[in-house]
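Colleague: got a predicted structure here, sequence first:
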Amino acid sequence: MRRRRFYPNVPNHVCRRPKSKSALFYCLEDCLVFFTVFCVNARRFGINVMGLALMYDHIHETVKSESRMIFSAFHRRVATDFSREFYSDLYDPAGLRPPGNSLFEIPFLSAPKYGEKNIRTNLAYLYNNPVERHIKERAIEWRWNFLAYSQSDHPFSEKYVARMASGKMRRSVAEVKGSHDRNEFLRYAQLKRLFKGLANKERAQLIDIIITTYNVIDYSCLRKYFGSIEKAILAIDSNTGSEYDIKEERYNTPDTTYGEMIRLVEKQKIVARAKDVILLPIEKRKQLKLLLMRQTSADEWQASKFLWLDLPPR
């Protein structure tokens, strides 16, 4: 195996995928658990996070670390913590024993980035991934690349005012802040309890509060490399960036199809929640793949990833 290229305190572009090249994020809780796991461990390991983008089937990071050992230990810990939480949420409610192995592909993909031009290009590429995959028209519109949080602590909700909030909302906010202060990431059961009973307006506020409270992304790098946050966003809108060092999967169907598949399996009550398609018997998943390809925009590749089936040859 070729030794990973790494240099201390140099930005590294990291791409992480599930080892089966399957889908990864099916619901709000998946995204929030991963985000809080990532942020808690970034603080523990002293990782400087310049960018993070969660896509349906992979993750992009641009991070700096003092040493190769810390860099590797951080990624192992994130993978271990999130895999344990993801599998427990999936299997425990079904009464099945969660697998003990990691959810993520090993080794993960990474490449150091030298020089201001290369770093700017990489940041534009990371933040524009949802644009490249045709999920959003502008990078700032995708909640899960966290770019909007460089400008506001509540970009997708009304500003939270405690005296105007319900008692349930105030208790949820206090619990989030308490978990953060103890450097604990949020777990699936906890998130479900925190959101239960909240009106849509307060749900949106709580998502923004969780992200803002835990967020470790160093947005000063955007000012450093682009001149200001506003100039960075303008530059990101103008140039999608590129990645020459990491080979990514390429296919023509937009990633909006994952949202279509999630809505379909839940609306038709094929499963109680989209994530549970993973637990269906393989023959049932193969039948469901044909249904998804007929009733959504998904191609065979994406439907297979969504259902955790072997991928067809390309």
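Modeller: Ah, there it is. It should be emphasised that the depicted structure is a prediction, and the values quoted were computed from it without experimental measurement.
Colleague: before we move on, which element is residue 61 in?
Modeller: When elements are assigned from DSSP states H and E, residue 61 belongs to strand 59-64.
Colleague: which residue of the protein sits farthest from its center?
Modeller: Going by C-alpha atoms, centre = their mean, the residue of the chain most distant from its centre is residue 163, 32.1 Å out.
Colleague: A strand includes residue 98, no?
Modeller: No. Secondary structure of residue 98, determined by DSSP: H, G, I helix; E, B strand; the rest coil: coil, with no strand assignment.
Colleague: isn't it right next to residue 88, touching?
Modeller: Yes. With contacts defined as C-beta atoms under 8 Å, residue 98 counts as touching residue 88 at a distance of 5.3 Å. Any C-beta I mention is one placed from the backbone N, CA and C, and that applies to glycine too.
Colleague: output the longest helix along the chain as CSV, nothing but the C-alphas.
Modeller: For the chain, the helix that runs over the most residues, judged by DSSP state H, is helix 68-91. Presented in CSV, the C-alpha positions along helix 68-91 are these (Å, rounded to 0.1, in the frame of the first residue of the first chain):
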residue,chain,number,x,y,z
ARG,A,68,0.4,12.4,10.5
MET,A,69,-0.3,10.4,13.7
ILE,A,70,-2.9,13.0,14.9
PHE,A,71,-4.4,13.2,11.5
SER,A,72,-4.9,9.4,11.3
ALA,A,73,-6.1,9.1,14.9
PHE,A,74,-8.7,11.8,14.4
HIS,A,75,-10.2,10.1,11.3
ARG,A,76,-10.1,6.6,13.0
ARG,A,77,-12.0,8.0,16.0
VAL,A,78,-14.6,9.8,13.9
ALA,A,79,-15.2,6.6,11.8
THR,A,80,-15.4,4.5,15.0
ASP,A,81,-17.8,6.9,16.8
PHE,A,82,-20.1,7.4,13.9
SER,A,83,-20.1,3.8,12.8
ARG,A,84,-21.1,2.7,16.2
GLU,A,85,-23.9,5.2,16.4
PHE,A,86,-25.2,4.6,12.9
TYR,A,87,-25.3,0.9,13.2
SER,A,88,-26.9,1.0,16.7
ASP,A,89,-29.7,3.2,15.5
LEU,A,90,-30.2,1.0,12.5
TYR,A,91,-30.0,-2.5,14.1
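Colleague: buried stuff in that helix?
Modeller: Buried residues in helix 68-91, counting neighbours by 16 or more other C-beta atoms under 10 Å, are found at 71-75, 77-79, 81-87, 89-90.
Colleague: just give me how far it sits from the chain centre.
Modeller: Put simply, helix 68-91 sits 13 Å off its chain's centre (C-alpha atoms, centre = their mean, to the nearest Å).
Colleague: other SSEs contacting it?
Modeller: Applying 3 or more C-beta pairs under 8 Å, 6 or more residues apart in numbering; DSSP states H and E, one finds that helix 68-91 makes contact with strand 12-16, helix 28-45, helix 188-195.
Colleague: for the residue most central in space within the chain, what are its contacts?
Modeller: Note on the chain: the residue nearest the mean C-alpha position is residue 54, at 2.6 Å, using C-alpha atoms, centre = their mean. By C-beta atoms under 8 Å, 6 or more residues apart in numbering, the residues touching residue 54 are 25, 31, 34, 35, 144, 145.
Colleague: for the fourth one, give its distance to residue 277.
Modeller: Spatial separation of residue 35 from residue 277 under the definition C-beta to C-beta, to the nearest Å is 23 Å.
Colleague: please apply the same query to the second one.
Modeller: Separation of residue 31 from residue 277 (C-beta to C-beta): 18 Å.
Colleague: between those two, who's got more neighbours?
Modeller: Neighbour tally, residue 31 and residue 277, criterion other C-beta atoms under 10 Å: the higher count belongs to residue 277, 23 against 17.
Colleague: now do the contacts for the more buried one.
Modeller: Listed by C-beta under 8 Å, 6+ apart, the contact set of residue 277 reads 265, 270, 271, 285, 288, 306, 307, 308.
Colleague: just the buried members of those residues?
Modeller: With burial judged by 16+ other C-beta under 10 Å, the buried subset of the contacts of residue 277 is 265, 270, 285, 288, 306, 307, 308.
Colleague: ok so residue 49 is a helix residue?
Modeller: No. Membership of residue 49 in a helix is not supported by three-state DSSP, which gives strand.
Colleague: can you pull the contacts of it?
Modeller: Contacts of residue 49 by C-beta under 8 Å, 6+ apart are 38, 39, 42, 61, 62, 63, 216, 217, 218.
Colleague: and the closest residue to residue 166 other than its chain neighbours, its phi and psi?
Modeller: Computed as C-beta to C-beta, 6 or more residues apart in numbering, the closest residue to residue 166 that is not its neighbour in sequence is residue 202, at 6.5 Å. Listed backbone geometry of residue 202 is phi -70, psi -30, with angles given as degrees, to the nearest 10.
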